[in-house]
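Novice: show me the folded form of this:
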Amino acid sequence: MSEYEIYIDASVDVPADVLNDGNVHIVPMHYTADGAERVMERPLNDDEMKAYYDEMRAGVVMKTSQITPFHYEEAFRDDIEAGKGIIYLSLSSGLSNTYTSALTARNTILDEHPDAKIEIVDTLGATGGMGLLLILAVRNREKGMSLEENAAFLRDHALDVVFWFVVDDLSFLRRGGRISAASAIAGTMLNIKPILKITDEGTLTGVSKQRGIAKALKYMASLYEKSHEQTIADDVIICHADDIERAEKIRDMILDINPNAKTRITSLSPIIGAHTGPGMTCICYLGNRNIV
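Specialist: From the prediction side, this is the model:
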């Protein structure tokens, strides 16, 4: 029995075997489909993810909601009362209030159990980048790293996780307030594919505009070549919103650049996919996220 348990929320994108083999706990997240509430408690399989993005293509409006402090208390309580410590990896504080809610829950639990060990780690990232930190957290625990040491390691290396996204349908960025309606219309007419990244503050920002998906994927591969580092780990997580062909293309480009890369392809969860829409492709790895 481990000294501590590792938790992460349902916005993470990582192959299911990482969660199962690492004995990782998922904090459920809620979203709605045209107002009907759904709960995501586990990674969805390929068929479920295809159905989800087909709904979006058909015009179903997906919206996400925050995890409340109460839900965190409920998620953590059993392990705390069993005398176990907890590391929780949170979706970026720059994208969501989940980190703040988790801290509030931690303080409430500590009022009741002053000796409890709970470390809340702001990943300053999302999707597959959270998955990379999760992989490192599990490896560190297997090596015997203590709860406090592991949490400190994860915080120290959160900004070493690099994210590049290409979005296929600009209407979803417009709906989320990321770009104006005029920009969305013009970009769609010109087949513009924006490239985005997550900043050091954990927020989303644009870095380039490429005409067509082929150029966009090639550009992301060039960014990988310039910025990846193998010092900590050589893992790469590629996330896609129901477009496995694009994911495989960027994987092959990455392997041409670095044959030693440990690439994993996974679907983009409904939680993040609600904001990016179908066709989004993302690569996450360790390196320099400020190369551009």
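
Novice: most centrally placed residue in the protein?
Specialist: residue 127 (1.3 Å; CA atoms, centre = their mean).

Novice: now that one. Nearest residue, chain neighbours left out?
Specialist: Among residues not flanking residue 127 along the chain, residue 13 sits closest, at 4.4 Å (CB to CB, 6 or more residues apart in numbering). Every C-beta, even on glycine, is put in place using the N, C-alpha and C of the backbone.

Novice: same check, this time on residue 288
Specialist: residue 227 is the one closest to residue 288 (CB to CB, 6+ apart), at 4.4 Å.

Novice: was I right about that neighbour contacting residue 283?
Specialist: No: if you go by CB atoms under 8 Å, residue 227 and residue 283 don't touch, sitting 10.7 Å apart.

Novice: common neighbours of the two, please.
Specialist: Common contact partners of residue 227 and residue 283 (CB atoms under 8 Å, 6 or more residues apart in numbering): residue 162.

Novice: hang on, the earlier thing: phi and psi next, for the residue nearest to the centre of the chain.
Specialist: Main-chain dihedrals, residue 127, degrees, to the nearest 10: phi 40, psi -130.

Novice: residue ranges with poor pLDDT in the stretch 151-292 of the chain?
Specialist: Residue ranges of the stretch 151-292 of the chain with pLDDT under 70: 170-190.

Novice: and the strands in it?
Specialist: For the stretch 151-292 of the chain, the strands defined by DSSP state E, counting those that start in this stretch cover 161-166, 192-198, 204-211, 235-240, 262-267, 281-286.

Novice: the stretch 1-150 of the chain now?
Specialist: Along the stretch 1-150 of the chain, counting by DSSP E, counting those that start in this stretch, strands occupy 4-9, 24-27, 29-33, 36-40, 62-64, 85-90, 118-122.

Novice: residues near residue 145, how many?
Specialist: By other CB atoms under 10 Å, 17 other residues sit near residue 145.

Novice: and the closest residue to it other than its chain neighbours, how many residues sit next to it?
Specialist: Nearest residue to residue 145 in three dimensions, chain neighbours excluded: residue 153, at 6.9 Å (CB to CB, 6+ apart). When counting by other CB under 10 Å, one arrives at 17 neighbours for residue 153.

Novice: any idea how far residue 75 is from residue 153?
Specialist: Per CB to CB, to the nearest Å, residue 153 is found 23 Å from residue 75.

Novice: ok, back up a step: from residue 269, how far out is the residue nearest to residue 127?
Specialist: With distances taken as CB to CB, residue 13 is found 5 Å from residue 269.

Novice: hang on, residue 52 packs against residue 46?
Specialist: No: the pair residue 52 and residue 46 fails to qualify as a contact (CB under 8 Å) at a distance of 10.7 Å.

Novice: between those two, which is the more surrounded one?
Specialist: Taking other CB under 10 Å, residue 52 and residue 46 do not tie; residue 52 has more neighbours (25 against 11).

Novice: buried residues in stretch 13-29, which are they?
Specialist: 13, 14, 15, 18, 19, 22, 24, 25, 26, 27, 29 (16 or more other CB atoms under 10 Å).

Novice: ok so, going back, common neighbours of residue 13 and residue 269, please.
Specialist: residue 127.

Novice: residue ranges of each domain in the chain, please.
Specialist: Domains of the chain are assigned by automatic domain parsing as 4-159, 160-286.

Novice: Serialize those to CSV and add fields for distance to residue 292.
Specialist: Below are the domains of the chain laid out as CSV (distance: least, CB to CB, whole Å):
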stretch, distance to residue 292
domain 4-159, 15
domain 160-286, 5
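
Novice: noted, bye for now.
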